[in-house]
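> Predicted model follows, preceded by the sequence.
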2 protein chains.
Amino acid sequence: MSKKVSIKDIAQTVGVSTALVSYVLNNKEKEARVGKEIAQVIRDTAVKMGYQPNQIAKSLKTGKSYTFGLIVADISNPFFGNLARNIEDEAKKFNYTVIFASSDENAKKSQNLINILTERQVDGFIIAPAENSQDQIEAILKNNIPLVLIDRYFKDLGTNCVVTNNYEASYQAVSHLIEAGKTNIGMVAYQTDLAHMLDRKQGYIDAIKDSKQLKAKIPLVKMVDFNAGQEEVEAGIREFFAQNPTIDALFFATNTLTLKGLKSLNKLNYKVPDDVAIVCFDESEAFDFFYSPLTYIEQPLLEMGKKAVQILIKNISEKKSANMQVSIASKLIIRQSSAATVKKN
Amino acid sequence: MSKKVSIKDIAQTVGVSTALVSYVLNNKEKEARVGKEIAQVIRDTAVKMGYQPNQIAKSLKTGKSYTFGLIVADISNPFFGNLARNIEDEAKKFNYTVIFASSDENAKKSQNLINILTERQVDGFIIAPAENSQDQIEAILKNNIPLVLIDRYFKDLGTNCVVTNNYEASYQAVSHLIEAGKTNIGMVAYQTDLAHMLDRKQGYIDAIKDSKQLKAKIPLVKMVDFNAGQEEVEAGIREFFAQNPTIDALFFATNTLTLKGLKSLNKLNYKVPDDVAIVCFDESEAFDFFYSPLTYIEQPLLEMGKKAVQILIKNISEKKSANMQVSIASKLIIRQSSAATVKKN
DNA sequence: CTGAAAGCGCTTACAG
DNA sequence: CTGAAAGCGCTTACAG
């Protein structure tokens, strides 16, 4: 029923101009040198009338929305859910609000989301870019909208980005498997040109190639489509083993791949770690409950989220700030699934 | 570099008034009876100039932001992440955008978020309310902002809400345990007055009391604080068993409780289902990987998300639409963790 | 068929 | 110390 109260209503009630009310309510009394008593009256009246500022009007006038857009592949994936939560918390510290959206790894959807968010005048973007969305990212830049890529990035674009050390982490994880005595380590990865995935693959490949221990230094990578369901992953893994019967360890490139992969291994009756040792990128509650707790690469989600927001805020407030490419170290958590091979004799 | 192009820029370029441009770009040519050729010129020019409407300005004028606020306990909890995703998708169908926020079950944070979102002129709220936030919900209503509660609700308030059939689902789950031959079924729940939790508890209690099979019809409920960490839950469960050594089944009230509970059982060396059978509310990827795959209550997250959005949109568009309380049936997924007791002789 | 004008709720030089 | 006024980018009666 009650109409919303505006600055004008307060001004009329107190008997001053809207300018004064605005100054006081924005704590600019000193700059504007507003009388102390009248300031107090304005403040009290605002409270009494239940005034809530209209951010939309403020935004239109100031050109700042104190909002930014977060585009991830899928907010229901706990990896992104956690990232989103950390981003939300950090954004709040700067009085920013987050509009989130899921692109499903789909460039068309991604473009659509970018348009919607741009029209809503977000002050900046944090994006985990989908494949083939490079031109969209460039367009944002050309529009002079601050932007930070997260999780993924584009090598050719010198944009801000915050990622984990994909190459090194993979290299380390695979080296760990080699040290554990595994001799035929396969990798299961997504079929994509996105740099983070290529880095993970390259880390795997180089660890194999650099190894002193391995006799056969032949990388074995199985590619799976981004939208592959349980059946496709299962078929892929079956095929992988058929082509390479001597595989004794698998390195999974993401949490979603791992979950589907583990279910596949169960179905195919491979025992972890005796038949196949496992290491995977990302974490999941499920990894703790697998009969052979998984060795995994823990990404620094908290630091990544924080850093992304900080860079974005910096870009928003400073006219021309240099681009930053930040890589934050992840951590290999070693558990049973990669236990050392017991020598049989 | 390039300044954003406005309706005024287009008007000047074409040589017409901003009114015409507005009509055309909003597809109101017929109502405004704009000339066909000039309409086409306007459209072409808008595209050529790369025009993107300023939603903020639109909102200020029309009083509609096409945005709503989603407040959940924690977006990084997959339960809420999934809900959020379904809400996002449904909202998009109505050209709505979602601002999300996490309250951490904390009334103070919740109030803060509501204020922020109200100032941003959201057209409505979808809220999984925190404990003791009843007055906040009432305040939203008094402000005439459309609102739908989700997951949880307040019995005294006749607000819109979309929940699952907590009482019946619990009743059914516990009855299932009784039928499986369990004789001392305990429940682990959160200590809270929130109605969804009370309903789950009551469902448990009544199933015990109504049972024909059970000799001892004594409900055993262990309460745990909402913010309890792994240690507290573990201590609670240890205590629970100490006080009730004959417990042979546990019913967990949520996914987070279940995850901590399972870890506790592992530590305490209870075997599922032989020492304790398990049934839990909600689902989790982890449940598939527990050595004894869990029997759980699957909530209809897709339908809940959709329905909540639909009710909200209806409330926004219709001046005075009746409140709706919707309960959607969940589904008991029966697996090994609640396998029937084998009679020993 | 089209344009001039008011106004959404704010902020902020400017003038006094 | 305070007020009148312009203007952010739009929409929408109103008048012609």
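Yes, it's here. Numbering: from 1, shown residues only, chains lettered A, B, ... in the order given.
> A:Tyr23 is in contact with A:Glu29, correct?
Yes: because the distance of 6.0 Å satisfies CB atoms under 8 Å, A:Glu29 is recorded as touching A:Tyr23. Every residue, glycine included, has its C-beta placed from N, CA and C.
> Contact partners for A:Ile205?
Contacts for A:Ile205 were tallied using CB atoms under 8 Å, 6 or more residues apart in numbering or on different chains; they are A:219, A:221.
> Please report the distance of it from DNA strand D.
As defined by CB to the nearest atom of the strand, to the nearest Å, A:Ile205 lies at a distance of 50 Å from DNA strand D.
> again with A:Thr258
When CB to the nearest atom of the strand is the yardstick, A:Thr258 and DNA strand D sit 46 Å from each other.
> SS state for that residue?
For A:Thr258, the assignment made with DSSP: H, G, I helix; E, B strand; the rest coil gives helix.
> For A:Leu257, give me its contacts.
With contact taken as CB under 8 Å, 6+ apart, A:Leu257 is in contact with A:188-190, A:224, A:233, A:280.
> In chain A, which residue sits nearest DNA strand D?
Residue nearest to DNA strand D within chain A (CB to the nearest atom of the strand): A:Gly35, separated by 2.9 Å.
> Give the burial count for that residue, as a bare number.
Per other CB atoms under 10 Å in any protein chain shown, the neighbour tally for A:Gly35 reads 13.
> so what's it scoring on pLDDT?
Model confidence at A:Gly35, given as pLDDT, is 83.
> phi, psi of it?
The phi and psi values for A:Gly35, taken as degrees, to the nearest 10, are phi -60, psi 140.
> next one: A:Met187
Dihedral angles for A:Met187 - degrees, to the nearest 10 - are phi -120, psi 140.
> Identify the residues contacting the one helix or strand in chain A whose mean pLDDT sits lowest?
Every helix and strand of chain A was ranked by mean pLDDT, DSSP states H and E. The lowest is helix A:29-32, at a mean of 77. In this structure, residues lying in contact with helix A:29-32 by CB under 8 Å, 6+ apart are A:19-20, A:23, A:36, A:39.
> do the helix or strand following it and chain B meet at all?
Following helix A:29-32 in sequence order, the next helix or strand is helix A:36-48 (DSSP states H and E). No: interface with chain B: helix A:36-48 contributes nothing (CB under 8 Å from any CB of the partner chain), its closest point being 13.1 Å away.
> next SSE after helix A:36-48?
Using DSSP H and E, the helix or strand that follows helix A:36-48 in sequence is helix A:55-62.
> end to end, how far does stretch A:144-158 reach?
Across stretch A:144-158, the straight-line distance between its terminal residues is 14 Å, by CA to CA, to the nearest Å.
> Stretch A:52-68 too?
The stretch stretch A:52-68 measures 21 Å between its terminal residues, going by CA to CA.
> Determine the three-state secondary structure at A:Tyr270.
Reduced to three states with three-state DSSP, the structure at A:Tyr270 is coil.
> can you check A:Asp9 too?
Three states are possible here, and by three-state DSSP the one that applies to A:Asp9 is helix.
> need the contact list for the residue nearest to it when sequence neighbours are not counted.
On the basis of CB to CB, 6 or more residues apart in numbering or on different chains, the spatially nearest residue to A:Asp9 that is not a chain neighbour turns out to be A:Met49, at 6.5 Å. Counting by CB under 8 Å, 6+ apart, A:Met49 makes contact with A:5, A:9-10, A:13.
> Then A:Gln191?
Listed by CB under 8 Å, 6+ apart, the contact partners of A:Gln191 are A:223-226.
> Dump those residues to JSON lines, plus distance to DNA strand C.
What follows is these, written out as JSON lines (distance: CB to the nearest atom of the strand, whole Å):
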{"residue": "A:Met223", "distance to DNA strand C": "53"}
{"residue": "A:Val224", "distance to DNA strand C": "51"}
{"residue": "A:Asp225", "distance to DNA strand C": "48"}
{"residue": "A:Phe226", "distance to DNA strand C": "43"}
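> from those residues, which two are the most distant?
With distance counted by CB to CB, no two of the contacts of A:Gln191 lie farther apart than A:Met223 and A:Phe226, which are 10.2 Å apart.
> okay, and the common contacts of these two?
When contacts are counted by CB under 8 Å, 6+ apart, A:Met223 and A:Phe226 have A:190-191 as shared neighbours.
> give me the low-pLDDT residue ranges for the stretch 1-150 of chain A?
Where the stretch 1-150 of chain A drops to pLDDT under 70, the residues are A:1-2.
> you'd agree A:Thr246 is up against A:Lys182?
No: using CB under 8 Å, A:Thr246 and A:Lys182 do not qualify as a contacting pair, with a distance of 10.5 Å.
> quick one, which of the two is more surrounded?
When A:Thr246 and A:Lys182 are compared on other CB under 10 Å, the one with more neighbours turns out to be A:Lys182, at 25 against 10.
> what's that one in contact with, if anything?
Taking CB under 8 Å, 6+ apart as the definition, contacts of A:Lys182 comprise A:248-249, A:277, A:341.
> what's the closest residue to it other than its chain neighbours sitting at in phi/psi?
Closest residue to A:Lys182 apart from its sequence neighbours, by CB to CB, 6+ apart: A:Ala249 at 3.8 Å. Reported as degrees, to the nearest 10, the phi and psi values for A:Ala249 are phi -160, psi 150.
> Can you spell out which residues form a bridge with A:Ala249?
Here A:Ala249 sits in beta bridges with A:Ile185, A:Ala277, as judged by DSSP bridges.
> okay but it is in contact with A:Ile278, surely?
Yes: under the criterion of CB under 8 Å, A:Ala249 makes contact with A:Ile278 at 7.2 Å.
> got any residues that touch both of those two?
Taking CB under 8 Å, 6+ apart as the contact rule, the neighbours common to A:Ala249 and A:Ile278 are A:Ser338.
> How many neighbouring residues does A:Gln336 have?
Applying other CB under 10 Å, we find 15 residues neighbouring A:Gln336.
> who's in contact with it?
A:273, A:292-295.
> Quick check: residues of chain A near DNA strand C?
Taking CB under 7 Å from any atom of the strand as the measure of proximity, chain A contacts DNA strand C at A:4, A:6-8, A:18-19, A:22-23, A:25-26, A:28, A:51, A:53-54, A:57-58, A:60-62.
> Buried by neighbour count, from those: which ones?
A:6-7, A:22-23, A:25, A:51, A:53-54, A:57-58, A:60 (16 or more other CB atoms under 10 Å in any protein chain shown).
> what's the distance between the residue found closest to A:Ala57 once you drop the neighbours it is linked to in the chain and B:Leu117?
Spatial nearest neighbour of A:Ala57, excluding adjacent residues (CB to CB, 6+ apart): B:Leu60 at 5.5 Å. From B:Leu60 over to B:Leu117 the distance is 17 Å, taken as CB to CB, to the nearest Å.
> Fine by me, we can end here.
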